[in-house]
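Engineer: quick one, what's the 3D model for this:
(chains A and B)
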Amino acid sequence: ETGVTQTPRHLVMGMTNKKSLKCEQHLGHNAMYWYKQSAKKPLELMFVYNFKEQTENNSVPSRFSPECPNSSHLFLHLHTLQPEDSALYLCASSPGTGAINTEAFFGQGTRLTVV
Amino acid sequence: SQQGEEDPQALSIQEGENATMNCSYKTSINNLQWYRQNSGRGLVHLILIRSNEREKHSGRLRVTLDTSKKSSSLLITASRAADTASYFCATTNTGNQFYFGTGTSLTVIP
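Structural biologist: Reported below is the predicted structural model:
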């Protein structure tokens, strides 16, 4: 148990569906991250939030829409996805993007399959 | 790209042997970290080495860092079947964002 919880663990959705991934951390951290992990590719940093403010959007398509209502919760809203968006989506948190020499704590991930 | 790159991509050894994985990166860093991932799960932090450190130990783990070559190595001594997993290096910059590579898949055969 890392203190970062992601739900659901598995999700199958059609290309016309709308769904949301949820991440919650109980570590008192101020930074939260979304990563996409596809087979044989580096983990792709998608979004970074620090104190609820988005500090990085790594050229992610608009069909992925993040939301960070507070420092403990992070959502990834999905709509009109493509089959190539199927991947493991990982949420992570850290004390804050201004704190150096700290580690990232990851959730267990959501395995997303787009059909 | 700020992402690290691990080498080899896959490694298979017998239980009790040592496993060595390497990581190369391209930009200046605050620190370099190693993480472990069991199949289909989240990443778990193993060890952090700061940019002004050259070597660090934690249990059976030994990490080295050569900032002049922009490379790091992770050594796991006396490997066990339970060490079977993927291992990733991550670099952090001044914004403390974490950039990962593709990982090394380690298989330890009992």
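
Engineer: so for residue 72, what's the pLDDT?
Structural biologist: Assuming you mean chain A. Residue A:72 carries a pLDDT value of 95.

Engineer: please refer instead to chain B.
Structural biologist: According to the prediction, residue B:72 has pLDDT 96.

Engineer: pLDDT (mean, whole number) over whichever helix or strand residue B:63 is part of?
Structural biologist: Using DSSP states H and E, residue B:63 sits in strand B:61-66. When pLDDT is averaged over strand B:61-66, the result is 98.

Engineer: cool, and stretch A:28-35?
Structural biologist: Per-residue scores along stretch A:28-35 average to 94.

Engineer: ok so, going back, report the distance from the strand holding residue B:63 to the chain centre.
Structural biologist: 9 Å (C-alpha atoms, centre = their mean, to the nearest Å).

Engineer: do the same with stretch A:29-38
Structural biologist: 5 Å.

Engineer: do it and chain B come into contact?
Structural biologist: Yes. Judged by C-beta under 8 Å from any C-beta of the partner chain, stretch A:29-38 comes into contact with chain B through A:31, A:33, A:35. C-beta coordinates here come from the backbone N, C-alpha and C atoms, glycine included.

Engineer: okay if I get the residues you listed as CSV plus secondary structure and neighbour count?
Structural biologist: Output for these, formatted as CSV (DSSP: H, G, I helix; E, B strand; the rest coil; neighbours: other C-beta atoms under 10 Å in any protein chain shown):
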residue, secondary structure, neighbour count
A:31, strand, 25
A:33, strand, 25
A:35, strand, 24
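
Engineer: ok, so of the residues you listed, who is nearest residue A:98?
Structural biologist: Of all the residues of stretch A:29-38 next to chain B, the one with the least separation from residue A:98 (C-beta to C-beta) is residue A:31, at 8.6 Å.

Engineer: and residue B:67, what does it touch?
Structural biologist: B:29, B:51 (C-beta atoms under 8 Å, 6 or more residues apart in numbering or on different chains).

Engineer: now with 10 Å, please.
Structural biologist: By C-beta atoms under 10 Å, 6 or more residues apart in numbering or on different chains, residue B:67 lies in contact with B:25, B:28, B:29, B:32, B:51, B:52, B:53, B:54.

Engineer: near chain A, which residues of chain B show up?
Structural biologist: B:1-6, B:9, B:30-31, B:33, B:35, B:37-38, B:40-51, B:88, B:90, B:92-103 (C-beta under 10 Å from any C-beta of the partner chain).

Engineer: which strands and helices sit next to the lowest-mean-pLDDT helix or strand in chain B?
Structural biologist: In chain B, no helix or strand scores lower on mean pLDDT, DSSP states H and E than strand B:5-7, which sits at a mean of 86. Counting contacts by 3 or more C-beta pairs under 10 Å, 6 or more residues apart in numbering or on different chains; DSSP states H and E, strand B:5-7 packs against strand B:19-24, strand B:71-76, strand B:85-92, strand B:104-109.
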